[in-house]
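*Asks:* Give me coordinates for this.
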Amino acid sequence: MAVFLLAAAASAAGIGVRSTYGGHAAVDEPQYLLTALSLAEDRDLDIADELAEQRWRSFHDAELPAQTAVLADGRQVSPHDPLLPLLLAVPMAVGGWVAAKAALALLAGLTAALLLWIAVRRFAVPLPIAAAGAALAATSPPLVVYGQQVYPELPAALAVLVAVAALTGKLRPPAVAALGLAVVALPWLSVKYAPVAAVVALLGLIRLWRCGRRRAALSLAGGLGLAGAAYLGAHRLIWGGWTVYAAGDHFAASGEFRVVGIQPDYAGRSLRLIGLFVDRGFGLAAWAPAALLAVPALVWLVRRRPPGAAVLALPLLAGWLVATFVALTMHGFWWPGRQVVVVLPLAVLALLCWLRSAGRGPLLAAGLAGLAGVAAYTALLLDGWAGQLTWVVGFEAVDNPIYQAWQVLLPDYRGAGPSLWARHVAWLLVVAALACWGWRSAKRSRPAAGQPPGVEPRSLSMPVKGAHQ
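*Replies:* Presented below is the predicted three-dimensional model:
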C-alpha cells in the first residue's frame, strides 16, 4: 500500500506540468481524450463531432494537428486503438482531462504494487530490497512520467505484469483467465504490443502443455484465436484496414504499414540496441542511470536461469526488438523511453532478482543510481511547475547537474560524425564490461530461497510433465 500510494502520488504530481507549451495534453493525447469523451457521451468511436465542436479547448490551446482521415461514410476515427479511451471514458466524463490523468496515476500505483508483490511472492526477493526497488523505479523516469501521460504505455506494462504473475504461479483456471485477458488487452491498447502479447501467450501455452494440461492449453489457444479474429474483423469494419493506422491522415496515401517507415534502414536501426539505453536525450540511462544495471542483471538471469527466467527475459527481448527495428524512431514528440515502457518492469524484476544475491556492492550502486533517477524527476517537476519546460518540449534544458554531467559522456544518435562514433564505441565497451560483471556474478551468487547449495534452479517456471502444479 505504501508503494502504491507513493507511485500514484509521484505520477499525479506530474499533472501540473504541461505536455507542451500549447496544452496540458498534446500530440496523441487529445486523440485519446476525445475518443474517451465520445465513448462516454455518444457510445461510439466517431470523434467528428468532438473535433467540429473543438472539445479539446479545455486541455489544448492551439489548433490540433490533423491525425484522422475522413472515411467514406463521413466518420473520423482516431488512428489509435480504443482500450485506453475505454478505460478513461468514465473519468473523462466525470472530471475531464485532470481526472483522466489521475486515473492513470492510480494505474501507475497499481503497477508498482504488483511489481513489488511479484518480486516477493514469485521471485523470493527480500521485502526491503523489493520495496525500495519498486519505489525507486516507480518514482523515476520514464515510468513515473507515463504514469500521467495519456498514452497506453503504463496500462500495457500493467497487463504484462498481470501475465507474469499468472505465468509464475500455479496457473489455476482464474490465473489462466487472467493470462488470456492480459494477452488480449495488449493489442487493443496498441498494435505495437502484439509481439510481446504473442510471446507471453506462447509461454503460457508451452507451460500448460508440458504440465499435461492439454485441454486447458487448447482452450486458451482457441480463445486467443477467436480474440485475434475478432480484433482483425473489428479493425476492418471500424478503421477500414488491419490496423488503426488505416484511418490515419498521415497514411491515407502511403498505406497503413508505412508506419514502420518507408524503406527502413534496419542496419542503422541496430544502433538503438545501445541507443535506447544511452542516447543523450532519449536513452533510459540519461534520466535513470540505474537502467544500466539491467545489463548485468539480465546476463546474470540468462547465466543462472532461476525459475521464471524465461518469463522475464523473452517478453523483454521481444519488446526491445520491436523498439529497435519496428518503431519508426526512438526520437519522437514524446517523453523518452516510450517504446520500452511496456517491458521495463520486467527489467526491474530481473534487477531485483540479481540484487537478491549479488552482495553489497551492487546494492549500493543500484541505490545511488536509483536516487539519481528520483532526483532527475524532482528537477523536472520543479522546472515544469515553473513553466520552464514541458514533458515533450524543452525537457533537455532541465536544471539538473546529474543530467548535465551525463551529457558530456552520452552520444547523441540524432547527430553524426566522429564524436558520435567515438562515444558509441566507448559505450559498447561499457555495456560489454557490465555484461561481464553480470556473468562473473552468476558464479558467485548465493542460491535462491529454497535451493540447496550447488543445485542450479530449473529454467523457466515450467515443471516437467506430470509434476505438481
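
*Asks:* So for whichever helix or strand residue 297 is part of, what gets flagged as buried?
*Replies:* Here residue 297, judged by DSSP states H and E, is contained in helix 294-304. Neighbour counts over helix 294-304 (16 or more other C-beta atoms under 10 Å) mark 294-302, 304 as buried. Using the backbone N, CA and C atoms, a C-beta is placed for each residue, glycine as well.

*Asks:* Return it as CSV; C-alpha atoms alone will do.
*Replies:* In CSV, the C-alpha atoms belonging to helix 294-304 read as follows (Å, rounded to 0.1, in the frame of the first residue of the first chain):
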residue,chain,number,x,y,z
ALA,A,294,19.7,-4.0,-16.2
VAL,A,295,22.6,-5.2,-18.4
PRO,A,296,24.5,-7.3,-15.7
ALA,A,297,21.1,-8.3,-14.2
LEU,A,298,19.9,-9.8,-17.5
VAL,A,299,23.2,-11.5,-18.2
TRP,A,300,23.0,-13.0,-14.7
LEU,A,301,19.5,-14.1,-15.4
VAL,A,302,20.5,-15.9,-18.5
ARG,A,303,23.5,-17.4,-16.9
ARG,A,304,21.8,-18.6,-13.7
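
*Asks:* what mean pLDDT does that helix have?
*Replies:* Across helix 294-304, pLDDT averages out at 93.

*Asks:* Show me what it is packed against.
*Replies:* On a contact count with 3 or more C-beta pairs under 8 Å, 6 or more residues apart in numbering; DSSP states H and E, helix 294-304 meets helix 309-321, helix 344-355, helix 418-444.

*Asks:* Which one of those lies nearest to residue 182?
*Replies:* helix 309-321 (10.9 Å; C-beta to C-beta).

*Asks:* Where does pLDDT dip in the stretch 101-250 of the chain?
*Replies:* 250 (pLDDT under 70).

*Asks:* sorry, back to before: show me the contact partners of the helix holding residue 297.
*Replies:* Contacts to helix 294-304, defined as C-beta atoms under 8 Å, 6 or more residues apart in numbering, come from residues 277, 309, 312-313, 316, 347-348, 350-351, 353-355, 358, 362, 431, 434-435, 437-439, 441-443, 445, 456-457.

*Asks:* Any quick PyMOL command for the buried ones out of those?
*Replies:* Entered in PyMOL, the line below selects the buried ones among those, by 16+ other C-beta under 10 Å:
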select buried, resi 277+309+312+313+316+347+348+350+351+353+354+355+358+362+431+434+435+437+438+441+442+445+457
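
*Asks:* Check the burial of residue 184 by counting its neighbours.
*Replies:* 20 (other C-beta atoms under 10 Å).

*Asks:* I'd guessed it sits against residue 225; true?
*Replies:* No - look at residue 184 against residue 225 with C-beta atoms under 8 Å: they stay out of range, at 11.1 Å.

*Asks:* any idea how far the nearest residue to residue 384 once chain neighbours are set aside lies from residue 64?
*Replies:* Excluding the flanking residues, the one nearest residue 384 by C-beta to C-beta, 6 or more residues apart in numbering is residue 17, at 3.1 Å. Here the criterion is C-beta to C-beta, to the nearest Å. By it, residue 17 lies 20 Å from residue 64.

*Asks:* If we go by neighbour counts, what in the helix or strand hosting residue 30 is buried?
*Replies:* Counting by DSSP H and E, the element that carries residue 30 is helix 29-41. By 16+ other C-beta under 10 Å, the buried positions in helix 29-41 come out as 29-40.

*Asks:* which one of those is nearest residue 398?
*Replies:* residue 29 (20.9 Å).

*Asks:* which other residues reach whatever helix or strand residue 3 lives in?
*Replies:* Assessed by DSSP H and E, residue 3 sits inside helix 2-13. Residues from elsewhere that reach helix 2-13, judged by C-beta under 8 Å, 6+ apart: 101-102, 104-106, 108-113, 116, 131, 134-135, 138-139, 144-145, 147-148, 377, 381.

*Asks:* And it, how far out from the chain middle?
*Replies:* Mean-position distance between helix 2-13 and its chain equals 18 Å (C-alpha atoms, centre = their mean, to the nearest Å).

*Asks:* Enumerate every residue touching residue 423.
*Replies:* Shown in contact with residue 423 (C-beta under 8 Å, 6+ apart): 409-411.

*Asks:* err, residue 290, not the other one
*Replies:* 136-137, 140, 351, 366, 369-370, 372-373 are the contacts of residue 290 under C-beta under 8 Å, 6+ apart.

*Asks:* Check those and tell me the two furthest apart.
*Replies:* 351 and 372 (14.8 Å).

*Asks:* wait, residue 167 sits on residue 205?
*Replies:* No - contact criterion C-beta under 8 Å: residue 167 and residue 205 do not qualify, at 10.7 Å.

*Asks:* Counting neighbours, go ahead and name the busier of the two.
*Replies:* Per other C-beta under 10 Å, whichever of residue 167 and residue 205 has more neighbours is residue 167, with 26 against 17.

*Asks:* CA atoms only: put stretch 382-399 into PDB for me.
*Replies:* Extracted in PDB, the C-alpha atoms of stretch 382-399 (Å, rounded to 0.1, in the frame of the first residue of the first chain):
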ATOM      1  CA  LEU A 382      10.400  22.000 -10.300                       C
ATOM      2  CA  ASP A 383      11.200  23.400 -13.700                       C
ATOM      3  CA  GLY A 384       7.900  22.100 -15.100                       C
ATOM      4  CA  TRP A 385       5.800  23.700 -12.400                       C
ATOM      5  CA  ALA A 386       7.700  27.000 -13.000                       C
ATOM      6  CA  GLY A 387       6.800  26.800 -16.700                       C
ATOM      7  CA  GLN A 388      10.400  26.400 -17.900                       C
ATOM      8  CA  LEU A 389       9.900  23.100 -19.600                       C
ATOM      9  CA  THR A 390       7.200  20.600 -20.700                       C
ATOM     10  CA  TRP A 391       7.100  16.800 -20.900                       C
ATOM     11  CA  VAL A 392       7.500  17.000 -24.700                       C
ATOM     12  CA  VAL A 393       9.400  20.200 -25.400                       C
ATOM     13  CA  GLY A 394      12.400  21.600 -23.600                       C
ATOM     14  CA  PHE A 395      13.000  18.900 -21.100                       C
ATOM     15  CA  GLU A 396      16.600  18.500 -22.100                       C
ATOM     16  CA  ALA A 397      17.200  22.000 -20.700                       C
ATOM     17  CA  VAL A 398      16.300  20.900 -17.200                       C
ATOM     18  CA  ASP A 399      18.300  22.400 -14.300                       C
END
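
*Asks:* Now do that stretch: everything it contacts.
*Replies:* 14, 16-21, 26-27, 145, 149, 280-281, 333-335, 376, 379-380.

*Asks:* switch to 6 Å and redo it
*Replies:* 16-21, 281, 333, 335, 379-380 (C-beta atoms under 6 Å, 6 or more residues apart in numbering).

*Asks:* Which one of those is nearest to residue 155?
*Replies:* Closest approach to residue 155 among those (C-beta to C-beta): residue 335, at 15.8 Å.
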